[in-house]
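In: after the sequence you'll find the predicted model.
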Amino acid sequence: MNQMIAALLRRHQDFLAGLVALLLTTVFASIAGIYLGSVNEILILIPGLMILVPSSINMRGAIAGILASRLSSAMHIGAFDIDYKEGSVLGDNLRATFILTVIIAAIVGMLGYIIGIAAGLDIIPVMDMILISVISGCIAGVIVTLITLIVSLATYRYSIDLDMIGAPTVTTAGDVITLPLLVITAVLVVGLPQSVRYLLLGIVILLLILSILGTLKGTDTVQSIIREGLPLLAPLCILGTIAGVVYTEGLEDLVATAALLILIPPFMNGCGAIGGIICSRLATGMHMGSIEPQLIPGREVFSGFGTNYVYTLTILPLMGTIAHYSAVLIGLDSPGLLLMVVIATGSGLIVVTGMNLLAYMTASISFALGYDPDNFGIPVVTSSIDLIGATVLIMMIHLVL
């Protein structure tokens, strides 16, 4: 009886920890949204910049999310230790995280240019796209990784479940930190002399070479993370880039009603954070044997789905409210409080439904095939949310307005 009560209290504590994390991250992600709304003229003046926004933000959160999820699983199975040396769980994960950051940032810049040109959009030169992506990505990646490390060590120290707060924290950090750095870097890069840009490109190429050498000479753990993460993250960049194209094509409408532009970062962040929680819980459950990959999910999985809907109905209306009043406060246009809440909540419920199913399928298939679901769940779900969320949000806007 006492064990049942303790388990109930533990689950209640985990739920509240996740809810508090999501509420706090919603507020902070809204800051990124306000910033996006305030720089709407820059988005128009630098063609192609908006294409980089979803994939850049998502990749920061996805890579840091993989790190948090892997560390969480290591904590649950007793393999975690505060040790940064080569060959340690923490040290190898940090090294692999930086390598992935450099390589993926270069891919994002290249894909942004290729897909933007294919879509018939006006766009800045490919060298500028790569420089903006890699420079902002590396700086943001170091900061977000540091935040992930601090959160992981804090949860380890105070015996808090990292699964419940890791994803919301790192995805929000990805939003709040990546977006301003992306815009600032873009303004600086396009204003530099051509010779300086070529010099920076040489440094970027050197970083890529060092990353490849770091992988080849790394430990089995580092090579395993890169081997599983890179083939997954690289194609997923395409989804984020296409989402950027969707936003770019509707940019004039979004700029005209800036409250909707403000809604984008917290909406993507919130859905991604909720997805990150269920992905981390599924991965941990499968590692510990409490969740079996099967066609019909068990009770514990459905409980996680239900928790996600409670989270959605709590934070999505809050996002719409914050976006509306933020726009009014800084003198930007909004379609009204009620419509903003309807757009945010309606879109969120649709996206979270698809995300629940995708998270379970991804974790089950990867685990059944002998892969680590920590490496697959968060990247697949958050990248899919970029495209699905963008499409659903734009469709809901046109439907409601």
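Out: Yep, that arrived.
In: show residues contacting stretch 117-137.
Out: 46-49, 51-52, 56, 59-60, 101-102, 104-106, 108-110, 112-113, 116, 178, 181-182, 184-186, 189-190, 197-198, 200-201, 204, 207, 245, 248-249 (Cβ atoms under 8 Å, 6 or more residues apart in numbering). All C-beta atoms are positioned from the backbone trio N, CA, C, and that covers glycine.
In: give me that answer again for 7 Å
Out: Applying Cβ atoms under 7 Å, 6 or more residues apart in numbering, the external contacts of stretch 117-137 come out as 46-48, 52, 56, 101-102, 105-106, 108-110, 112-113, 116, 178, 181-182, 185-186, 189-190, 197, 200-201, 204, 245, 248.
In: how about it: buried residues?
Out: By 16 or more other Cβ atoms under 10 Å, the buried positions in stretch 117-137 come out as 119, 121, 123-124, 126-137.
In: quick revisit: in helices, which of the contacts of stretch 117-137 fall?
Out: Among those, DSSP state H puts 52, 56, 101-102, 105-106, 108-110, 112-113, 116, 178, 181-182, 185-186, 189-190, 197, 200-201, 204, 245, 248 in helices.
In: just the buried members of these?
Out: 52, 56, 101-102, 105-106, 108-110, 112-113, 116, 178, 181-182, 185-186, 189-190, 197, 200, 204, 245, 248.
In: one step back: from the buried residues of stretch 117-137, which is closest to residue 394?
Out: Taking Cβ to Cβ as the measure, residue 119 is the one of the buried residues of stretch 117-137 closest to residue 394, at 14.9 Å.
In: measure residue 401 to residue 266 for me?
Out: 19 Å (Cβ to Cβ, to the nearest Å).
In: name the residue in those two with the higher neighbour count.
Out: Neighbour totals were compared for residue 401 and residue 266, and residue 266 leads with 32 against 12 (other Cβ atoms under 10 Å).
In: OK, contacts around the more buried one?
Out: Counting by Cβ under 7 Å, 6+ apart, residue 266 touches 26, 29-30, 33, 319.
In: ramachandran angles for the closest residue to it other than its chain neighbours?
Out: Excluding its sequence neighbours, the residue lying closest to residue 266 (Cβ to Cβ, 6 or more residues apart in numbering) is residue 29, at 4.0 Å. Main-chain torsions, residue 29, degrees, to the nearest 10: phi -70, psi -30.
In: wait, residue 29 touches residue 265, no?
Out: Yes. Between residue 29 and residue 265 there is a contact under Cβ atoms under 7 Å: 5.4 Å.
In: can I assume residue 300 is in contact with residue 289?
Out: No. Look at residue 300 against residue 289 with Cβ under 7 Å: they stay out of range, at 11.7 Å.
In: neighbour count: these two, which is higher?
Out: Neighbours were counted for residue 300 and for residue 289 using other Cβ under 10 Å; residue 300 has more, 13 against 7.
In: which SS class is residue 85?
Out: Recorded secondary structure, residue 85: coil (DSSP: H, G, I helix; E, B strand; the rest coil).
In: hang on, the earlier thing: between residue 29 and residue 265, what contacts are shared?
Out: residue 175.
In: quick one: contacts for residue 175?
Out: Applying Cβ under 7 Å, 6+ apart to residue 175 gives the contacts 29, 32, 57, 265, 269.
In: leaving out sequence neighbours, find the closest residue to it.
Out: Leaving aside its sequence neighbours, residue 175 sits nearest to residue 32 (Cβ to Cβ, 6+ apart; 4.3 Å).
In: quick check: mean pLDDT of the helix or strand hosting the one you found?
Out: Taking DSSP states H and E as the definition, residue 32 sits inside helix 2-38. Taken as a whole, helix 2-38 has an average pLDDT of 73.
In: ok, stretch 147-156 next?
Out: The average pLDDT within stretch 147-156 is 80.
In: buried residues, it. List them.
Out: Burial within stretch 147-156, assessed by neighbour count using 16+ other Cβ under 10 Å, is assigned to 147-149, 151-152, 155-156.
In: just flag the most distant two among the contacts of residue 175.
Out: Once Cβ to Cβ is applied, the contacts of residue 175 give 29 and 57 as the farthest pair, at 9.8 Å.
In: for the host helix or strand of residue 361, packing partners?
Out: Residue 361 is part of helix 337-368, with elements assigned from DSSP H and E. For helix 337-368, the elements it packs on are helix 258-288, helix 299-329, helix 377-400, judged by 3 or more Cβ pairs under 7 Å, 6 or more residues apart in numbering; DSSP states H and E.
In: again, 10 Å this time
Out: helix 220-249, helix 258-288, helix 299-329, helix 377-400 (3 or more Cβ pairs under 10 Å, 6 or more residues apart in numbering; DSSP states H and E).
In: would you agree residue 113 is in contact with residue 244?
Out: No. If you go by Cβ atoms under 10 Å, residue 113 and residue 244 don't touch, sitting 11.4 Å apart.
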